[in-house]
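S.K.: generate a structure from the sequence data that follows.
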Amino acid sequence: QCDSCPDGYHAPKNGSAVCMPCPEGADCPVNAATGLRDVALASPGFFKLAGQMMIPCIEDWACEGGTKICADGSMGFMCASCAVGMTRSIHTNRCVPCPTLGLHIFLICLTVLSQTLYLGYVIRLISRAKVFTSVFADVFKVASNN
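M.R.: Next comes the predicted model:
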């Protein structure tokens, strides 16, 4: 019968009787499969590198810690990337679902409509201006050599 290491310690090698302090940025819970403290998991806000080294995440919310590692929507090294179908919010800096295609189409149509209306307004102003007609007439006379 093996004894488990005390809280704050773990046995990093399977079957080892030597208890080592839990690394900084790690939790060393009792392993449900073995009943021993034989694993060091990253604490929330930390990312586990190879071996027993834990480093703080760039965005502490992205690293959930434990066996899950990254929070929902984030992935990759230090959980710094957004998963497929997610994008980083400019308001919260968290990974959120991408906007729907319908929203993009609506915004494009709204932009085209507003630009068309503005262009029509400018053309109407120019066509009503006497300066434009006299300048246009002078340019036409010079171009046609009359």
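S.K.: mind listing the helices for the chain?
M.R.: 101-128, 130-144 (DSSP state H).
S.K.: mind putting the ones you listed into JSON lines with mean pLDDT?
M.R.: Shown next, in JSON lines, are the helices of the chain (pLDDT from 0 to 100):
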{"stretch": "helix 101-128", "mean pLDDT": "88"}
{"stretch": "helix 130-144", "mean pLDDT": "67"}
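S.K.: run through the strands of this structure in chain order.
M.R.: 9-10, 20-21, 26-27, 41-42, 46-48, 54-56, 63-65, 69-70, 74-75, 81-82, 86-88, 95-97 (DSSP state E).
S.K.: parallel or antiparallel, list what pairs with the first one.
M.R.: Here the strand partners of strand 9-10, with direction, are listed using DSSP bridges: strand 20-21 (antiparallel).
S.K.: how about the fourth one?
M.R.: Each strand pairing with strand 41-42, determined using DSSP bridges, is listed with its direction: strand 26-27 (antiparallel).
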